[in-house]
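S.K.: Requesting a structural model of the entry that follows:
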Amino acid sequence: MKKYFLLLFLVFPFLAQSQNIKGPYLGVTTQFQNTWIINDEQYEDVNYRHRFTTKWAPYGFVVGYKFNENHNVQAEIYRSHQGERFDLIDVNGDKTGEKEIDLVYYNIPLLFKYTTTGTLRFNFQLGPQLGMLQKGTERNTFSRTASYQIKDRTHSVGQGSYLLASTEESDRTNTNIGEFNQYDLGILLGTGVEYSLKENLILTANLRYSYNFVNIRKEEHIEDLSRDTDYYVLRQNMVAGIQIGLNYLFNTGDGSSSARHQ
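M.R.: Residues are numbered from 1 along each chain as shown. Coordinates of the predicted model:
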């Protein structure tokens, strides 16, 4: 019994201190990001090359709650431009055109967030993320007619621009135009720093990484060799970015404690 009293005596100061730093907070964010479309079924012998693609998540909103100075739960909603550009290459390895996948999502992550203490502090974030597609297109543009090889098959695609998929109803009057999945689901990881500009005003800078598990297209298997260079089974979103934000903490404790530990 004495051991339990001793343990309570040791942790009581920490609990009392944490209670002064709890409360809800609101914020705004923006994110500059490197975006990828990962083809899980093909890593070799493909007729394309990945291009370094950067896009922007121009604005987002944050709502969270600090249970104490270390532990937070945070939800966000942000508009995210995603997708990737690819160089299309022929059997000789020469560039013949470009593929562009352009996607816009409203992403909603729900995060557990651990924060260290001090005026300048570190944080770590982890949680699931739901994506709701707002618009999207997939297009191939060939500068010339060329031949491509898939395993033991050789085929040709003529010069021109080919719309392969779109969210626009007017585009899908053509039966050859595919559809995108309207929802995406993945996991988000983050780490970064926070700085208290004032007692309740917090500047954040985070490195973010998300990987999603849902196919970007509704069709399970896509093979249209008259307009494309490869076949696809599962393609997924992957994003890495730098997020900048500003949060306001509605601290429920006394101001002196908040000033010391924010």
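S.K.: ok, Phe112 - how many residues close by?
M.R.: Phe112: 12 surrounding residues under other Cβ atoms under 10 Å. C-beta here means a position set from N, CA and C on the backbone, and glycine is covered the same way.
S.K.: State whether it and Leu126 are indeed in contact, as I suppose.
M.R.: Yes. In this structure, Phe112 is within contact of Leu126 by Cβ atoms under 8 Å, at 5.6 Å.
S.K.: how close does Lys55 get to Ala205?
M.R.: 19 Å (Cβ to Cβ, to the nearest Å).
S.K.: Show me which of those two is the more surrounded one.
M.R.: Shown here are Lys55 and Ala205; by other Cβ under 10 Å, Lys55 has more neighbours (20 against 13).
S.K.: In a helix, that one, correct?
M.R.: No. Note on Lys55: no helix contains this position according to DSSP: H, G, I helix; E, B strand; the rest coil, which reports strand.
S.K.: quick one: it and Gln33 touch, right?
M.R.: Yes. Lys55 lies in contact with Gln33 (Cβ under 8 Å); the separation is 5.9 Å.
S.K.: Can you pull the residues that touch both of these two?
M.R.: Ser80, Gln82 (Cβ atoms under 8 Å, 6 or more residues apart in numbering).
S.K.: longest strand anywhere in the protein?
M.R.: Ranked by residue count and defined by DSSP state E, the top strand of the chain is strand 120-142.
S.K.: With just CA atoms, put it into PDB.
M.R.: Output of strand 120-142 as PDB, limited to C-alpha atoms (Å, rounded to 0.1, in the frame of the first residue of the first chain):
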ATOM      1  CA  LEU A 120      10.100  25.600 -28.900                       C
ATOM      2  CA  ARG A 121       9.100  21.900 -29.000                       C
ATOM      3  CA  PHE A 122       8.800  18.900 -31.200                       C
ATOM      4  CA  ASN A 123       5.600  16.900 -32.200                       C
ATOM      5  CA  PHE A 124       4.800  13.500 -33.600                       C
ATOM      6  CA  GLN A 125       1.600  12.700 -35.500                       C
ATOM      7  CA  LEU A 126      -0.100   9.500 -36.600                       C
ATOM      8  CA  GLY A 127      -3.500   8.500 -37.800                       C
ATOM      9  CA  PRO A 128      -5.900   7.500 -40.600                       C
ATOM     10  CA  GLN A 129      -6.800   9.800 -43.400                       C
ATOM     11  CA  LEU A 130     -10.000   9.800 -45.600                       C
ATOM     12  CA  GLY A 131      -9.900  11.500 -49.000                       C
ATOM     13  CA  MET A 132     -12.900  12.700 -50.900                       C
ATOM     14  CA  LEU A 133     -12.300  13.300 -54.600                       C
ATOM     15  CA  GLN A 134     -13.500  16.600 -56.000                       C
ATOM     16  CA  LYS A 135     -12.200  16.300 -59.600                       C
ATOM     17  CA  GLY A 136      -9.700  14.300 -61.600                       C
ATOM     18  CA  THR A 137      -8.400  13.500 -65.100                       C
ATOM     19  CA  GLU A 138      -5.900  11.000 -66.600                       C
ATOM     20  CA  ARG A 139      -4.600  11.900 -70.000                       C
ATOM     21  CA  ASN A 140      -1.900  10.600 -72.400                       C
ATOM     22  CA  THR A 141      -0.300  12.900 -75.000                       C
ATOM     23  CA  PHE A 142       1.900  11.300 -77.700                       C
END
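S.K.: residue boundaries of the helices in the chain?
M.R.: 2-19, 255-261 (DSSP state H).
S.K.: residues near the closest residue to Thr204 other than its chain neighbours, how many?
M.R.: The spatially closest residue to Thr204, leaving aside those adjacent along the chain, is Gly245, at 4.3 Å (Cβ to Cβ, 6 or more residues apart in numbering). Using other Cβ under 10 Å, Gly245 has 21 neighbouring residues.
S.K.: So that it lines up with my notes, have the first residue be 30 from now on.
M.R.: All right, first residue 30 from here; so that's Gly274.
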